[in-house]
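[1] structure of the sequence below:
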Amino acid sequence: METTQESFPDNGLATEPVLAAAAGVATGRPSRMSLPAKGSCWYCEKPLDSVRRFCGKPCADSFDEEAEFTR
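    Purely as a prediction, here's the structure:
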């Protein structure tokens, strides 16, 4: 946990640690949005269009959970 002073850089604006973590910057691992669309769900392999990466939120959440255990 950082103090209030540490959360404000020299320019006086608050940093956004949540956005950095969502992008995978703070954790050192790629975010699920950085995965290329491959035509099937990255978790269950269900066929998808050429834009989506997961068939639904349960598969996306399971993918994240499994990635957390394997890092």
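[2] now do the buried residues in stretch 43-62.
    Residues of stretch 43-62 classed as buried: 43, 48, 52-55, 59-60 (neighbour count, 16 or more other CB atoms under 10 Å). In short, each C-beta sits where N, CA and C put it, glycine included.
[3] can you check which helix is longest in this protein?
    Looking across the chain with DSSP state H, the single longest helix is helix 57-69.
[4] so where's the protein uncertain?
    1-30 (pLDDT under 70).
[5] hmm, try it at 80
    1-31, 33, 71 (pLDDT under 80).
[6] how about the helices of this structure, start to end?
    Per DSSP H, the chain carries helices over the ranges 17-22, 57-69.
[7] so what's the nearest residue to Pro47 once chain neighbours are set aside up against?
    Here the nearest residue to Pro47 in space, its sequence neighbours aside, is Ser40; by CB to CB, 6 or more residues apart in numbering that works out to 5.4 Å. Listed by CB atoms under 8 Å, 6 or more residues apart in numbering, the contact partners of Ser40 are 46-48.
[8] ok, now which ones touch Lys46?
    Lys46 makes contacts with 40, 55, 59, as judged by CB under 8 Å, 6+ apart.
[9] would you list the phi and psi of it?
    Per-residue torsions, Lys46: phi -60, psi 140 (degrees, to the nearest 10).
[10] and the gap between it and Gly39?
    For Lys46, the distance to Gly39 equals 10 Å [CB to CB, to the nearest Å].
[11] ok, how many other residues are close to Trp42?
    Neighbour count for Trp42, taken as other CB atoms under 10 Å: 20.
[12] quick check: it touching Arg53?
    Yes: counting by CB atoms under 8 Å, Trp42 sits close enough to Arg53 to count as a contact (5.5 Å).
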